[in-house]
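Visitor: Here you go, sequence then predicted model.
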Amino acid sequence: MEKEFHVYILASKRKGIYVGVTSNLVQRVWQHRNDEVEGFTKRYRVHCLVWFESQPDSVSAITREKQIKEWRRAWKLELIEASNPQWRDLYPSIIS
């Protein structure tokens, strides 16, 4: 079985935005939501999964994460709103 890699964005309303990469999206978002990850998401309570995409391998995922992290905030907002204009929490859709 091949590993699946994801680049994801967590948000706290439209204020705090966090970009990450993982090979286990459900587990990693759960860790953020339960403040098991030290740093930005815990400090600023950034827990809402608002965007994610699959990547074929870890190198592609890390490259994409770095690319998005370098973007201006407005571009990140556009990326989120292109697929999730209401800023719904997508976590329930990935655990069911």
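Guide: Right, received. Where do you want to start? These numbers come from a predicted model, not from an experiment.

Visitor: can you pull out the strands in the protein?
Guide: 5-12, 16-22, 48-55 (DSSP state E).

Visitor: Please identify which of those is closest to Val29.
Guide: When these are compared by CB to CB, strand 48-55 sits nearest Val29, at 5.1 Å. For the C-beta atoms, the positions are set from N, CA and C on the backbone; glycine is no exception.

Visitor: Name the residues of the helix or strand of the chain with the lowest mean pLDDT that are buried.
Guide: Sorting the helices and strands of the chain by mean pLDDT, DSSP states H and E puts helix 40-43 at the bottom, at a mean of 92. Within helix 40-43, the residues that qualify as buried are Thr41, counting by 16 or more other CB atoms under 10 Å.

Visitor: Let me know the angle separating the longest helix that the chain contains from strand 48-55.
Guide: In the chain, with assignment by DSSP state H, the single longest helix is helix 58-70. Calculated by axes from the mean of the first three to the mean of the last three CA atoms, to 10 degrees, helix 58-70 forms an angle of 140 degrees with strand 48-55.

Visitor: related to what we said a few turns ago, which of the strands of the chain sits most buried?
Guide: strand 5-12 (a mean of 22; mean count of other CB atoms under 10 Å).
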